[in-house]
Each structure stands twice: as C-alpha cells, then as structure tokens.
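A.B. asks: give me coordinates for this.
(chains A, B, C and D)
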Amino acid sequence: MKSPPDGRFPPRLAAGGWAPLLAQSRGGFESLWVPGVVSLRAGSSGHAGPESSYDRSDYVQGFTTRKKATENGRCITKLENMGFRVGQGLIERFTKDTARFKDELDIMKFICKDFWTTVFKKQIDNLRTNHQGIYVLQDNKFRLLTQMSAGKQYLEHASKYLAFTCGLIRGGLSNLGIKSIVTAEVSSMPACKFQVMIQKL
Amino acid sequence: MEWFLVTSAAVILFLQNYPLYIRSVPTENELKFHYMVHTSLDVVDEKISAMGKALVDQRELYLGLLYPTEDYKVYGYVTNSKVKFVMVVDSSNTALRDNEIRSMFRKLHNSYTDVMCNPFYNPGDRIQSRAFDGMVTSMMIQVC
Amino acid sequence: MSRQANRGTESKKMSSELFTLTYGALVTQLCKDYENDEDVNKQLDKMGYNIGVRLIEDFLARSNVGRCHDFRETADVIAKVAFKMYLGITPSITNWSPAGDEFSLILENNPLVDFVELPDNHSSLIYSNLLCGVLRGALEMVQMAVEAKFVQDTLKGDGVTEIRMRFIRRIEDNLPAGEE
Amino acid sequence: MSVPDYMQCAEDHQTLLVVVQPVGIVSEENFFKIYKRISSVSQISVRDSQRVLYIRYRHHYPPENNEWGDFQTHRKVVGLITITDCFSAKDWPQTFEKFHVQKEIYGSTLYDSRLFVFGLQGEIAEQPRTDVAFYPGYEDCGTVEKRIEDFIESLFIVLESKRLDRATDKSGDKIPLLCVPFEKKDFVGLDTDSRHYKKRCQGRMRKHVGDLCLQAGMLQDSLVHYHMSVELLRSVNDFLWLGAALEGLCSASVIYHYPGGTGGKTGARRFQGSSLPAEAANRHRPGAQEVLIDPGALTTNGINPDTSTEIGRAKNCLSPEDIIDKYKEAISYYSKYKNAGVIELEACVKAVRVLAIQKRSMEASEFLQNAVYINLRQLSEEEKIQRYSILSELYELIGFHRKSAFFKRVAAMQCVAPSISEPGWRACYKLLLETLPGYSLSLDPQDFNKGTHRGWAAVQMRLLHELVYASRRMGNPALSVRHLSFLLQTMLDFLSDQEKKDVTQSLENYTSKCPGTMELITLPDGLTLPPVPFTKLPIVRRVKLLNLPASLRPQKMKSLLGQSMSTKSPFIYSPIIAHSRGEERSRKIDFQWVQGDVCEVQLMVYNPMPFELRVENMGLLTSGVEFESLPAALSLPAESGLYPVTLVGVPQTTGTIAVNGYHTTVFGVFSDCLLDNLPGIKTSGSTVEVVPALPRLQISTSLPRSAHSLQPSSGDEISTNVSVQLYNGETQHLVVKLENIGMEPLEKLEVTSKILTTKEKLYGDFLSWKLEETLAQFPLQPGKVATFTVSIKVKLDFSCQENLLQDLSDDGISVSGFPLCSPFRQVVRPRVESKPVNPAEGSRPGDRGHAKTLEAILNFKYSGGPGHVEGYYRNLSLGLRVEVEPSVFFTRVSTLPATSTRQCHLLLDVFNSTEHELTVSARSDEELILHAGECQRMAIQVDKFNFESFPESPGEKGQFANSKELEEERQEARGLEINSKLDIHWTIPSLKRTGEASVEGLLSQLVLEHLQLAPLLWGGAQTARCRLFSGVYSRGDVDAAGAEQAGGRVVPRTEVSPDVLVDGQPCDREAAACRVGDPVRLEVRLTNRSPRSVGPFALGVVPFQDHQNGVHTYDLRHAVSFVGSGTFYLDKVRPSGQSACLGALLFLCTGDFFLRIRFHEDSSSKGLPPSWFRLPSVHVRALGAQA
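C.D. replies: A predicted model of the protein is given here:
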C-alpha cells in the first residue's frame, strides 16, 4: 500500500519543525572518517539557534572498534539494544500529545510518517503489509546509508548502522504495545528495507 | 483530606497490570487504596477496549471518572504506551473539576515521559526518580 | 569550493531527543559492559578523543576561524563557536588561572544530561566525560596538548556544570594521533 | 419480604411458582430423587395453541414472599406438591391431615395441589383420587411425570380462567385494589370513589393482568397490558407499581429478544457445581443450595413465542436500549420504598444479566454498583456470603475480573467471620483460590522466572498470606508450607526486612512439622500446586565447572579442543542471530573430568536475607553420568556479597555429564534448582566429558619440601617443590617415592626434566637418572610404592670474580721468591662478612660468596587402567630447587713449564669460600688444607694435552654455525678433558661433604695453549734451571710476569726448549764447560709435531754475562767471537720432520757466559704462537787454558 500524501498528516507533525537532513556526502571530509560514516546533526528543537551538528557514527565507531576483534555479532546486538531503548524513549515523547491509536496499522503509519520524519527527516517511501502481521518499510534513500558509496564493499559496515535503526523501530513499537522482530535488508545502497514481524501474543 | 495517586503500567507481554509508582496521603492503610485502584483497572480496561470503536476525536488519553466509591472518586488516564494513571480523590473535594484532574494528568504524563527518557531507568521497573517524586508531592500539596 | 557551496544548504538539525537519548543509551551500555565507573569514564574519554581528532577538521572547515594566537583566544572559539555549533549552547568562560593556562567552561544546561538522573550506584560516573575527550582530541590536532576534566556537574547536584581546561604544552610536530 | 433471590432473571416472570415439599419424615435422598424428576417437567405446551407454560419449582419458599404475589404473580405460589412416606393404612389419616395443614400455609394463593404418597398399598391406594397419587416406592413411580403434566394442565385452566375474568373488566363493578403487604395499613379509610383511586386500581389491575398473560404464554397481550398500566400508574404517581409495570415490560421484551434466556449461563454453571460431592459450602449458603436445583435457572432451551400475534409486535416490544432505560426507571422508583429493597435488588441483578448479554459492561457495573449499595435489613452471615459470591459472579459475568475477585475475597473472609460459630475454612480457602486469576497470580513459580516479578505485589502478598492462613486452619500443613514458600520465593523483592524475618520464622515452624517437598500438590478440585524451589535462597549468580588440579588433569596425545567458530553476522541483520544465549549453557567445556576422581563445581552465591542464611545439604543435580554428589552445608552471612561455594562429587561412570542444577534445604524446604530456571545466571557451559579412570601418582622425596615455589615462568604447574642446599661441585642423590594412591594400576611412566633458564653456566649434567630399576617394579598396583633415584650434580663456574683477583694482586704475590722457598700462605679477608644463612636470601644469583639457585622440573608422565586404554595420561611435576653454596674458587690460574717439554705445571690459586676447613686434592695425591676464607696456590703437574688428537666431533660441526661457536665448543671439550685429567676434589671434613672442583670455564685460550703439547719440539731436554717447586716463580719469568700482570692475564712462558748441544753434549743439566780459545760447537735441532710444515727459520745467538745483580753485559766483542756467522739457519721442516743447524764460537777469556738464542723476526714465524719458539739460554763456563 502506498503511504498517503502529506496532506493527510495531522498538524502535530509541524511540531518540532525539524529540517530535512543532508543527503549528499561530505566530500573530502570523509577521508578522515571510517568509510561509510553517518553524519547526524544534533541540535535541540528547543534552541532554534545556529545549526548544531554532531556525529553519532562515533558512537558506532568507538563502540565497534572496542569489540571489533571479538564478535561482530555481539556488538551488533548491543547497538540493537541501544536503538531499542532510544526508540522507547522517543516514542514516549512523540506520542505524548497524540490521540490514542486506533489499531496496529494506525501505529505503523505513525512510525512511517511522524516518527521517521522526526528521526530521519523524511518519510518512509513505501509501506507494505500482508495483513498477517508483517510490514515492510522501504526507504529509498535511507539516511544512515547515504554516506556510504553505493556498491557492495561497505555492506558489513552498513549492518552496524541498520542494527541501531532496527532497534529503534522495535523499541518504538514495543513501547506502543506491539512486540515485534525487525530485520533490515539492503539490496542496493542507499535504499533499504525494514521488515517488521509482529509477534502475536 | 486524603488522596491517593497511582500509576501502573501494562506489561503487554503478560497482559497484566502492576504498579510502577504508588503514592498516597496519608500512607496508613494504603492497602485499601491498593484494592480500590486494582479493581478500578477493570473499568480502565473496559474503556480502553471500547476505545477501538470510538472516533479519532474521542480517542482522548484522559479516561475521566472511572467510578465513584462511597467516599472517593477514581479517575483514569492512559498513555499511548499503555501506561495507566489512576488518581483517587476524596469525593468531598469539590475543588477538583474534570479540567483540574485532566491537567494534573497531563503534568503526570510529561513528568513520566522524562522518566522514560532517563537512560538509567529500565522501562517497566518501579519509578524511583527524585524529579517525579517532587512533581507528585507538589501536586498533592496543591490539592490537599 | 564545491563543498563551500553545498555546506550553505546543509544547515540540518537532528532531534535533540534522538541525540540525547542515543548518548544516554551509549553510556548505559558502557555501564553494562564495564564493571566499574572508572573504566566507563576512560572509555567515554577515549571515544570522545576519537571523535575530537576527526571533528576538528569539520569544525575548521565550517567555521572559518583562523589560527588562535593564545589560549584565551582558543577558549573563546571553543565556547562561542564550537559549543554553539555542535551542542547549541554557549558556555561562559571563567576562573582564568593567573598564568593564563587554565580556565573553566561553565555550562548552564548541558544537552547531554536532559532527563538524566544518576542512580546512586553510579556515583563516580562522569556522565558527560565524552566532552572532555572531544576537547582533548580536537585541540591535539591543532598542536595543543590540554587536559580537560569535569570539576562540577549538575548531575552530581552542583549548580552548574564546569569543565576545567588546562593547557599543558604545544605539540611541535603534528604526528598522527595515536588511536587507542 | 426480605430474602432476595439473586438467581432470579427476567424470564422468571413468565413462570408459575410451584412448591414441592415433604411432609412427615422423608429422607433427603428420596425427596430430591423425586424432586429432580418433578422439576424436569418445567415447561409444557398447552394443547390447541402454541402457548407454553413454564414452571419454577422451589422446595423452600418463605410465605412472606408469597404475600408479594399480587405485586408480581411469579412470586405467587400457585401449586403445591407434597411428598410423604406412609407404610400402613392406619397412618394414612394423619398423613392426609398433614397434607391439609401444609396446604394452609400457601392456601390463599394456591390454584391446586397434589400429594404423592410412597409405600402405602392396599384398599386405600385403590380408590382413585385426583389430588393424591400412591406409589409403592421411590423406585417404581413411572407415572410421576405424567401426573405432573396433568397437574400443570389443571393449573393452566385456573390461570386461564383468572386471566380471562380479570382481563375482561365489566365496567361498573368495582375493581379491587391490589397492594403489597406494607401498603395495606396505608389504605384504610381511603376514599375509594375518587378517580385517582379508581385509576390506581385499574393501573395495578392492568399490571396484574399483564403478569397473568405473560405466565399464560401470551407475550404480546402482556406487553399491551403493561403499556396501558404504565400510562395509568404514571398519571397517579403510583411509583412502586409503576416500577413493577415497567419491569414487567422489560421482562416481556427480554423474553422476546433473548429466547436463550439471560440467567442460562450462570444457571448451567450452578448446576455443574451442584454435582460436586459433599458441597461443604452449602452449609453456609442455603440460598445457593436452593438455587442448585432451581428449574428457572435450568431452563436452557428458549420459549417459542406464539406466532399468532405477529402484528404490532414491534411497537409494543422494547428495544434493547429501552429495556435498560426502563429498568433504570423502574429501579429508581423501587428505590423510593425501603421495604421494596429486595425487589430493587433483584431488578438490578436482572438488568445486569441482560446487559451482560448486550456486552455493555460499563452500564452493568453501574447497576451492580447500585445493587451493592442497597442495604437490606441486617443480613445473616450466610446471606452475606451468598450475596458477595453472587456479586462476584455477576462481575465475572461482565468481565470485571478484578472486581469479581474482590467480592469473592470478601465472601471468603465472610466464611470465617468471627461471628460465625464454626468457621468454614475450606469454603474460605476454596473461594480464595478462585480469586487468583482476578489478582493475576499464578501459583506456578515458573511464571516468575523472567527477571523481577511484575505483579501487584501488595494485593498478591495479602492474598498469599490469607491462603497460607486458611490452609493452615484447614489443617493442611503441606499446603500452607507450599504457599508460604511460594510467597517467600516470588515476593522476596517486596518483603521488608521485618517481613522476611517473620515469614521465614513461621515457615520454619511449619516445616518442623511438615517439611517442604518437591512433590506436586493436587487439590480435591483438581487444581495442582507445583513445587517451589528456592532459587533465591541463596541467589546463585555464576556457575563454573572447575578443571581438575593440574597434576590430575587427563591429557590426550592429540588435544580434543574444538575451536569455537565466531558467527560472522550476515548482512541481513536480525536480532535473533545474536540472541543465542541458550546454547552457551549447553556448550561442552573443553576439559575433562575423570571417572572416580572428585570434581568440583563452583557457585557464586549471595544471601539476600537480612540475617544469616543456613543452607543444608547443598549438592549437584547432574545427568548423563552416574554421579555421587557429596552435599555441603553452609551458612551465609546477612546480605553477603558474592560468596564462592564449591560443590563436589564423584562421577562413577564415563560419558558426558551435564550439571543441571543443585539441590538445597533451606528453612526445612527441599529445593531442586535447575539452571535453566535461574534468571540472569552466568555460566560457561555445564556439560563436560568424563574420561575413564586413571591411576593417581603421589610423590614424596628424601628432600625437604620448600615453601618457595618456582618462578611462574615455568609453564606447567608444580604439585610439589623440594629444595636442597649443595656446595658447588657436590653431588647428591634424590630418592623419589612414587606411590599409586589411585584405584587403577600404574602401568606407564615417563620422566623428563627441564632446567629453568638460569644465567649460571652449568658444567656436566645437572640431573641424571636411571629409569630401568623403577620400571622394573611396574605395573604399580594401587597403594604400592616404587622408588626412583635422581642424582643431582651441581658444577657451576669455579672461577672467581675480578675483585678477588684484585685482592690477590694487591697482596703483592709477585714476590721474587728464591727457587727453594717454601710455599707461602696468605689469607684473603672474605669479601662478604655475612654468609648467606637462609637460602631464600641466598638465591640472589651472581654475587660472590652467595648461594646461587638452580631450578628444574621433573615431569612424571604416567598412565594406566582404562584411561590408559583410551589413550589418556597424567602429568605430575616435581619442582626441584637447588641452593648452590660456593665451595672453592680458583682465583688465578697459570702454568709453568715443567722439566720436560711434554709436561707442565698448572698453578691454581684456590680460595675456600666456605666457613669450614676444607681440603683440596688433585689427582695428584697431595692434599691442600684451606681454612675458611683462605686462599692457597696449588700446582699440578700435568702431561700436556694433544688437543689436535681430539675428534673434531663432526656431528656438531653442522649445528655450530660460525667458527666462534665451534671454537667455544672446542674449548669446552678441552676444558672437560683437562678437568677429567686433573680431577680436583674438595672435602669438608666437618660436614663430611665432598665434591669436585672444575677448572672448566677458567681456562683461558692462552692457558690452553700453554697446556697444549707444542707442535714444535726443540729436542726433548730442558734447561737445568727449570726445576720448580710449587708456589715458586722462575726468575727468568719475573720481568715477564710483572709486565703481563698489567694486562691482567698471566702468560706463562715455557713451552719449547730446543735441543741445544754444545760440543755434542746436551747442555740442559748444568753449565757446559769449555776452554778459552777452543772453538765450541753449537747445534740446534728441531722436530715438527704440528700438522703443518714450519720454517724456514733464522736463529741468532747473543752471548751475554750475568752479574747476578740484574746487570747483564752484552758487549762481549772482545770476549767472544763467532766462527763463521752468528746466525744459524733452519730450513723448512715438514710435519713430524726434523732438522738441525750447526755453528761454532770462541771464548777469548774465562768466565760464565750465557747464550741467548732468538729467532730473527721473519714472515714464516708469524701466526705461530710465541710459546712455540721458546729457547732457553745456554750457560757456558769458559775455563782457562791448561798450561
């Protein structure tokens, strides 16, 4: 199913007023970075002051380098868990002033639009479901991957950034009372699919 | 006057309800309030389940008066994250109209959101937060 | 040049919650990984250092500040430009040592610690220690060996958050910073 | 009326009430047998119409309720059936009398009645009567049902007639005023002619007719009548009856809308309930018992509403919503009248049932709330219980489980209220159990394993306490123990310190009578209580299987270690991949245990209790291998931190053993705690391989054990360390006792040794042994002992440090002693005053006089028994530590030529660094006695060595890469050779200790050269001057010695003396004499022994005079002249060749002359050691010519 046009967005979206995120890579700057680094700019909606920027990839970096040698898997899990916790917190804030959700689909839409926009400055491009608890969220230009040059060589790096996002989604949903398993899949960068499997209770 | 405030969270895993935070004035025979609030959750659940059918504008987080007992009024509120707030007020306290109650719940909710955002807080654990305590205390003082 | 061009358009912000929460998740994750707070502090400082040595490049590129001539000037740039740019706050500079080689950054509100309440069992944790690492790393890339440490922290009940900066020496030849 | 019927429901309004009662003595059993049969006939369809009659049977009915019969006709008893036993005709009359008395009770309202007589036969039974039926017994009374049907028929006829004549009111004649009991007095003396009064009469009558229609199965008519009466009564504000009319309207509509009935569900449930044997609760809930067989409740199949009056249905019948509204209205009217409390209450209940079907829980709860507040007159305890349980059921009905649980609990408490004569603990307990789901509490501890308990602790704990108490009062201690342990286990986090104390206190009291078990407890009603293992008392954080001590570890020739492959996370990220904690636990650990050997598992536990926790018989739970667990008892201090506990056991068989958990006894409760059920437990695998049994070797030695263990650098752990103190050069035998303390024979033994890196240079082999004798005693049966001897031989460097040398030289040894001066002594003050007393301190290697330490490990590889078959062995290592005290030092070594060029004297300055008198003896007999710290010189005459003759040891050639190493190797070989020749021994008589002293290592290249048999042999003779005594230097050497000491090295000159012949006489004895003026012939011969050819050489002869005062005169032109050249020439000499040269000279005057023969410097002599070219001075005495 196609995600509906912005027109249908509730006004609450306006709140926060986050500008869309930079899409193209930061040229020569990358040389200083481990390839395929993500650049998130942090600044609080509170102070409308000058742009403020921060690089979260260093959480990822500092984090992975620490355990690189040992198991990649473990570090991935940690990132996922971090994402999970962050997702819980974010959703709690974002849904503070919204009406109660009607149903699962209502929630998924919220994730695809409001949530995604707040975090990644763009909506999910396409949301599909089989109506049996599986949703596929497709982002054609996933923000955390835009920094990576397309192609296969950085695939294993990408997993780190996706792990965090998977956690983000899972955490958000779980806080809204939906237990799920979220997996990510990249066929060609920077497009990315997140598959959400709802765990029926 | 005594009054009493409880927040409880739904653990979706078990579909059970248990308290995350309990505060009552006065604290003696708190158990009575426990029972009162525990039973009131039936109504909360009923209201939430009824909510599905309701229209958007009726899907408010504030659930209003759950039920009146002999000498208390029990009000309810539920967040999108299925956290239920229940407030028990001495029914003789006429100062508290629906609107006051509603805004008090808003206060609680904001404060709870901050608790959720404290990285050291594990969602689902009992709330032990100075900030939250302070907020509740101030609310109670202002009411009692 | 081209970068100049598109930088203008890249005034992007990220939800401060996302930022703060992610940092929080990082710290708590570290607390899970390491038994004692000291190790966590070290790790935070190390990560901050790695961020700093890279971030400086970005900083110089985006704020076209020139060379600083003395430590005071550096202090100003850090407070007025750097903190503003990256954290959206402007700490005040105080308590200069007579020698002019030490000063304090006073943060009225530290975006890293919104919502944070330090539990009792982490009394010795320096929650925002990453910042010190960043400062250290960044300045090292401009040939300044400094020591940065928290002397006050709102999390610890102090009125403000204070980072004490001490100039150690000027690094002569700029060797690549030793990672880890 | 005061007794509410909580089971009543809307459809009961259409029933006719029939009371069935015994008269005289009728056994309950018989009565109910019949009662059931009767009540089975609960509805019959009236012939010639589709109308159906419904009957509600009761066996008790308070007559006062009957008085409300006009108000609602279904409360009116219209039929009476009495049952009686009567066996003899003579009893008959009074029996019949009783029947009449019974009739009187309900007389006013009865339509008809019957008497069933059982047991009576005879003529009375013959005469047919309509109102009496005779049956021989309760077994053969087949026609009962038929009889009942007839009875109902007759009831119907009466009903119909009443309905008809009431319905068709002939206007004019007076309509009586129907009223309820408490109204009667109010109406006396009321103006009966007022319109108001008339309307009231009409309204009430209409309502009454409506009731009758409803009972008569004419739903539609009843609706019409109700509607009309509502109109009438409203107009006159006759609220009580208006309420009744409205309720009637509701009832009719409900019957129409819900043919399935509203009470049906509960009715059915009650009925099952009744089938329970010995329903204890009944005693306290007679109401309930009555309900048990309430046909009204039993009606499951609905009515088939008569189709005749389809028309106008819609407009008369209330819609579902209206029904509720009307109920509300009705109830609000009832509530105006205190005496109508029961009516109101029942109305509420009926409404709730309807709402439950409509799934409108919220409104239902409001009705119930109202019902709760209606307080009737003081209720009896039984009534209260009944009331609360009904409320609970109704709340359950509308899905308010918590509320339901709440009232059930209140009911339970009621059962044991102090005011009750014999409290019904069973009933109480039973009710409490039913509240569990309401408080979302399961009694299965498994449900609490997921981390911290998340439940409504306060209320749950209260409930558990009540369960404990109830079960105890019930007299079922096992139950109360189970509940209490459950409380302790699951609610621990919520218990205050005081509560913890109290709970455990009482738990201990209970268990003292009835210990807690791991058995499943099954309750009479099928509910089972799973066992409650105390996994939190103590809390186990980590479980670690321990490897055997190093000396007992089984080892296999090829290691079994399976390397764990890291799971490289695939790019398609899934959290599941990472979450594979479970496997870790089951993973096999990569060491083995040994069958029959004690093995250990370490638990890190802590005690969450604020007081000391005593844990008895704590042991391991294992599977896979027969395992003998050896339980331990421990007591943990209050709130102890992590605390290591080691559980031990012995595997009896082999295979893979899995440690599944542990068992404990705490507070008298037995627990089996399985690791899988322990939350957040850390374990590194819990399964391990058990290999077949192996022997166990224990070693003891003749040497004392040393506390001091070897430096960790040694890879393998040492089981025992022994140490011994030896003097340098001493040899000792270490006797090792090998005891097999295992169960298996010891068949194989290998011994290897490893000398730990030491900077000390070690000569000879340090450790040596012969395994053969030992192996001869094998296989070593369990308990047997074998011995094994290792000889320890320490030969460190005997050379001493410069400093000592310094001392010596300071003391001006360079004396110019006279040829025959006696050997002089001189004492060296010992460099270090404090001799090392304890070896530990002495182990500082490398400073003189202090002990040096040698460390070595003896490895005993052994095996035997089944383990050996499987290819396992064990490794036991013995650490050996040798303190080497210095014995003697050779402070200086030098050589002197001996009389023969084939020999020489080795001069050794020997220093006794011990504190004892010590004697040194060389091969050569003579002994030298040295006091402590004394230094003496000894000279040993040795044949020179022909090193060339040594084998070049071709094998080693390869491994010594560079020539230097090769050279060193040679040197060592030479050293060895020399040493063996010398073999110098020392003895400390006082200690009875002897040893060797080796000069290896102090023989410098030069010394070696001097000891070497010179290849160039200048004849075989020696000069007369060269006979020396030990300790004396040759004069000729003085200058040289002095000079070269500066260089710090002693270079003795001797080596080669030529064969010099004067006038054909060898002149090595004493001065050769000759006459002045006569030419003297001088011949020099040379033999070459070296492998290469030498020469040619040129020799110069220099005559001089020695004035014995150090003055030599060389200018002797006038005294000596050469015949021919003064230079002699020797041509090339090939190996083992000989050559000679001749010359002559004249002495012109008498005197003592000396001839020094020198080599002229020329190329050919280069590269050859100078010592090869030593030629003595020749002494010639020229005598005067004979005159």
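A.B. asks: spell out which residues of chain A are next to chain B.
C.D. replies: Proximity of chain A to chain B is confined to A:85, A:88-89, A:91-93, A:95-96, A:98-103, A:174-179, A:201 under the rule C-beta under 8 Å from any C-beta of the partner chain. Just so you know, the C-beta spots here come from the backbone N, C-alpha and C atoms, and that holds for glycine as well.
A.B. asks: pull the distance from the longest helix along chain B to the chain's centre.
C.D. replies: When chain B is parsed with DSSP state H, its longest helix is helix B:30-51. The chain centre lies 10 Å from the centre of helix B:30-51; the measure is C-alpha atoms, centre = their mean, to the nearest Å.
A.B. asks: quick one on the thing from earlier: just the buried ones from the residues of chain A next to chain B?
C.D. replies: A:85, A:88-89, A:91-93, A:95-96, A:99-102, A:174-178 (16 or more other C-beta atoms under 10 Å in any protein chain shown).
A.B. asks: within reach of chain C, which of those are there?
C.D. replies: Okay, of those touching chain C (C-beta under 8 Å from any C-beta), that's A:85, A:89, A:93.
A.B. asks: now the second one: how far from chain D?
C.D. replies: According to C-beta to the nearest C-beta, to the nearest Å, A:G89 stands 19 Å off from chain D.
A.B. asks: residues in contact with that residue?
C.D. replies: A:171, B:116-117, B:119, C:17, C:21, C:24, C:115 (C-beta atoms under 8 Å, 6 or more residues apart in numbering or on different chains).
A.B. asks: excluding chain neighbours, what is closest to D:L771?
C.D. replies: Excluding the flanking residues, the one nearest D:L771 by C-beta to C-beta, 6 or more residues apart in numbering or on different chains is D:V751, at 5.9 Å.
A.B. asks: cool, and D:E344?
C.D. replies: Closest to D:E344 by C-beta to C-beta, 6+ apart is D:Y334, at 3.7 Å.
A.B. asks: what strands line up against the helix or strand containing D:V690, and which way round?
C.D. replies: Assessed by DSSP states H and E, D:V690 sits inside strand D:687-691. Strand pairing for strand D:687-691, using DSSP bridges, gives strand D:588-594 (parallel), strand D:655-666 (antiparallel).
A.B. asks: mean pLDDT lowest where, among those strands?
C.D. replies: In terms of average pLDDT, strand D:588-594 trails the rest of those, at a mean of 84.
A.B. asks: what packs against the lengthiest helix in chain C?
C.D. replies: When chain C is parsed with DSSP H, its longest helix is helix C:37-62. Helices and strands touching helix C:37-62, by 3 or more C-beta pairs under 8 Å, 6 or more residues apart in numbering or on different chains; DSSP states H and E, are helix A:57-67, helix C:2-9, helix C:16-33, helix C:84-87, helix C:129-141.
A.B. asks: do stretch D:375-384 and chain B meet?
C.D. replies: No: contact between stretch D:375-384 and chain B is absent, the nearest approach being 11.9 Å (criterion: C-beta under 8 Å from any C-beta).
A.B. asks: which helix of chain A spans the most residues?
C.D. replies: Longest helix in chain A, counting by DSSP H: helix A:72-94.
A.B. asks: next, the angle helix C:16-33 makes with that helix.
C.D. replies: In terms of direction (axes from the mean of the first three to the mean of the last three C-alpha atoms, to 10 degrees), helix A:72-94 departs from helix C:16-33 by 140 degrees.
A.B. asks: give the buried residues for helix A:72-94.
C.D. replies: Across helix A:72-94, burial judged by 16+ other C-beta under 10 Å covers A:72-73, A:75-94.
A.B. asks: residue contacts, D:R147?
C.D. replies: Counting by C-beta under 8 Å, 6+ apart, D:R147 touches D:114, D:116, D:133.
A.B. asks: and which of those residues is nearest chain C?
C.D. replies: D:F116 (80.0 Å; C-beta to the nearest C-beta).
A.B. asks: separation between the closest residue to chain B within the stretch 301-450 of chain D and D:A458?
C.D. replies: Closest residue of the stretch 301-450 of chain D to chain B, C-beta to the nearest C-beta: D:F400 (3.8 Å). Note on D:F400: its distance to D:A458, by C-beta to C-beta, to the nearest Å, is 20 Å.
A.B. asks: with D:S319 instead?
C.D. replies: Look at D:S319 and D:A458: by C-beta to C-beta, they are 45 Å apart.
A.B. asks: residues in contact with the closest residue to chain C within chain B?
C.D. replies: The minimum distance from chain B to chain C, using C-beta to the nearest C-beta, falls at B:P119 (2.8 Å). Contacts of B:P119 were listed using C-beta under 8 Å, 6+ apart, and they are A:85, A:89, C:21, C:24-25, C:27-28, C:115-116.
A.B. asks: what comes into contact with stretch D:1117-1125?
C.D. replies: D:1079, D:1101, D:1103, D:1105, D:1143-1149, D:1151, D:1153.
A.B. asks: and the residues you listed, which are buried?
C.D. replies: D:1079, D:1101, D:1103, D:1105, D:1143, D:1145-1147, D:1151, D:1153.
A.B. asks: ok, the residues you listed vs chain A, which is closest?
C.D. replies: For the buried ones among the contacts of stretch D:1117-1125, the nearest to chain A is D:V1101 (85.0 Å; C-beta to the nearest C-beta).
A.B. asks: that closest one falls within a strand, correct?
C.D. replies: Yes: according to DSSP: H, G, I helix; E, B strand; the rest coil, D:V1101 belongs to a strand.
A.B. asks: hmm, back to that, how near is the residue of chain B closest to chain C to B:T113?
C.D. replies: Taking C-beta to C-beta as the measure, B:P119 falls 14 Å from B:T113.
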